[in-house]
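Colleague: Show me the folded form of this:
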Amino acid sequence: MPTALWIAHVHVTDPEAYGRYARGATEAIAAHGGVFLARGGRYVQLEGTDRARNVVARFPSLEAAEECYRSQAYQAALAYAKGAAVRDLVVVEEIV
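Modeller: Sure thing, here's the model as predicted:
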């Protein structure tokens, strides 16, 4: 089964609330086998909308990433991000 990448592009508007989201999300992602590959590091915006926070996590499968997103733990963390950031999130299967 192919692994999957969880890719988020984020503009944080409330750093304190978003920090609470990040702490809870980190635990939920790890609990579902997710491993961070990039998290707010240096980047170059070549096209599209610039958002200063970019996060990439690898999951064992597309299903594991979706299960994480829909989990009670992640949804509880996500409540802190609502109103604290503008986000795009996509999960993409990796090529085997």
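Colleague: tell me the mean pLDDT for stretch 39-55?
Modeller: When pLDDT is averaged along stretch 39-55, the result is 94.
Colleague: In it, which of the residues would be classed as buried?
Modeller: R51, R53, N54, V55 (16 or more other CB atoms under 10 Å). The C-beta positions use only the backbone N, C-alpha and C, and glycine is treated the same way.
Colleague: will you turn those into TSV that also has secondary structure and distance to A85?
Modeller: Converted to TSV, those look like this (DSSP: H, G, I helix; E, B strand; the rest coil; distance: CB to CB, whole Å):
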residue	secondary structure	distance to A85
R51	coil	9
R53	strand	8
N54	strand	12
V55	strand	11
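Colleague: which one among the residues you listed gets closest to A17?
Modeller: R53 (13.7 Å; CB to CB).
Colleague: wait, doesn't the closest one sit right on T13?
Modeller: No. R53 is beyond contact range of T13, at 11.1 Å (criterion: CB atoms under 8 Å).
Colleague: Spit out the residues that contact the two alike.
Modeller: A85 (CB atoms under 8 Å, 6 or more residues apart in numbering).
Colleague: Show me which of the buried residues of stretch 39-55 is closest to G40.
Modeller: Once CB to CB is applied, the member of the buried residues of stretch 39-55 that ends up nearest G40 is R53, at 5.0 Å.
Colleague: quick one: contacts for the closest one?
Modeller: A8, H9, V10, H11, V12, G40, A85.
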